[in-house]
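J.: Would you be able to build a 3D model of this:
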Amino acid sequence: MAVEAQVRGSDGPQWLIAGLGNPGPEYDLTYHNLGFLAVDRLAESASIRLTRPECKAYVGSGVVAGSQVLLAKPQTFMNLSGGSLQPLLAKYMLPPERLILIYDELALDWGSLRIRYKGSAGGHNGVTSVIRSVGSENFIRVRLGIRPEHPMKDMKDYVLSKVRKVQMETLDSTLAFTRQAVETIITEGVEKAMTKHNRRAQGANEEQ
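T.: So this is what the prediction gives:
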């Protein structure tokens, strides 16, 4: 199902673009905070300041790809993200279909990106919280792969660990590609964005 960008008559945001992560400097540049990093990249590109506290999130308003958007980084910690995003959707009278949620995905290899419209949480606690709070699975997901190269005994420790220095170049490329993917979702719809931007890491054999 395509969610085409539409021009509304109000001055409010047409999209809520949110990244999932954990607040606090100790979580900066961890794998579980790729959603925050992606929203930061969007904010930087659009000259949007993500400093306004609202509904347990830091938010910023501006224009991305010709549409008014609200960027958000929930400050509730990952597993309670829905408690921030549901009030933001309600406050700005946006349906779940107007939420673009960006987050890390263990089922995809490092450097991969998958756009998906609706579906289950796939074991991601942050997405589970959003689904429960919003009361719908019908929102757009931009999933960024973080699967490690080798099996890990404790995946919780892994997702909360820092991105390695040798991965920083790929991270920068992925964040730039994510920005382009979000812009395509806004301008051309989710289905065309999936065709253009769903990609796997070089040599990867990741899940769909």
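
J.: helix, strand or coil for residue 183?
T.: In three-state terms, and counting by DSSP: H, G, I helix; E, B strand; the rest coil, residue 183 is helix.

J.: What are the phi and psi values at the closest residue to it other than its chain neighbours?
T.: When the adjacent residues along the chain are set aside, residue 183 lies closest to residue 65, with 4.0 Å between them (Cβ to Cβ, 6 or more residues apart in numbering). From N, CA and C alone the C-beta is placed, and that goes for glycine too. Phi and psi for residue 65, reported as degrees, to the nearest 10, are phi 50, psi 40.

J.: so residue 65 touches residue 188, yeah?
T.: No. Counting by Cβ atoms under 8 Å, residue 65 does not reach residue 188; the two are 9.3 Å apart.

J.: Wait, a helix at residue 86?
T.: Yes. The assignment for residue 86 is a helix, going by three-state DSSP.

J.: Next one, pLDDT for it please.
T.: Looking at residue 86, its pLDDT reads 98.

J.: just residue 39 next, same as before
T.: pLDDT recorded at residue 39 is 98.

J.: Check residue 70 too.
T.: 98.

J.: helix, strand or coil for residue 123?
T.: coil.

J.: State the distance from it to residue 75.
T.: Taking Cβ to Cβ, to the nearest Å as the measure, residue 123 falls 23 Å from residue 75.

J.: and if you look at residue 16?
T.: With distances taken as Cβ to Cβ, residue 16 is found 15 Å from residue 75.

J.: so where's this protein shaky on pLDDT?
T.: Where the chain drops to pLDDT under 70, the residues are 1-10, 201-208.

J.: can we see that at 50?
T.: The model of the chain has pLDDT under 50 over residues 1-9, 202-208.

J.: Name the single longest strand found in it.
T.: The residue-count maximum for a strand in the chain (DSSP state E) belongs to strand 99-109.

J.: Following element in sequence after it, please.
T.: Downstream of strand 99-109, the first helix or strand assigned by DSSP states H and E is strand 113-117.

J.: just to revisit the earlier point, who's more crowded, residue 16 and residue 75?
T.: residue 16 (23 against 17; other Cβ atoms under 10 Å).

J.: so when I look at the more buried one, I'm seeing a strand, right?
T.: Yes. Counting by three-state DSSP, residue 16 is found in a strand.

J.: mind listing what it touches?
T.: Contacts for residue 16 (Cβ atoms under 8 Å, 6 or more residues apart in numbering) come out as 69-70, 72, 85, 88-89, 92, 94, 98-100.

J.: So what sits opposite it in the bridge?
T.: Counting by DSSP bridges, residue 16 forms beta bridges with residue 70, residue 99.

J.: what's the burial count for residue 71?
T.: Per other Cβ under 10 Å, the neighbour tally for residue 71 reads 26.

J.: which residue packs closest to residue 30, ignoring adjacent ones?
T.: Of all residues not flanking residue 30 in the chain, residue 160 sits nearest, at 5.4 Å (Cβ to Cβ, 6+ apart).

J.: and what of residue 199?
T.: Of all residues not flanking residue 199 in the chain, residue 113 sits nearest, at 5.4 Å (Cβ to Cβ, 6+ apart).

J.: Now do the one you found against residue 12, distance only.
T.: Counting by Cβ to Cβ, the separation of residue 113 from residue 12 is 29 Å.
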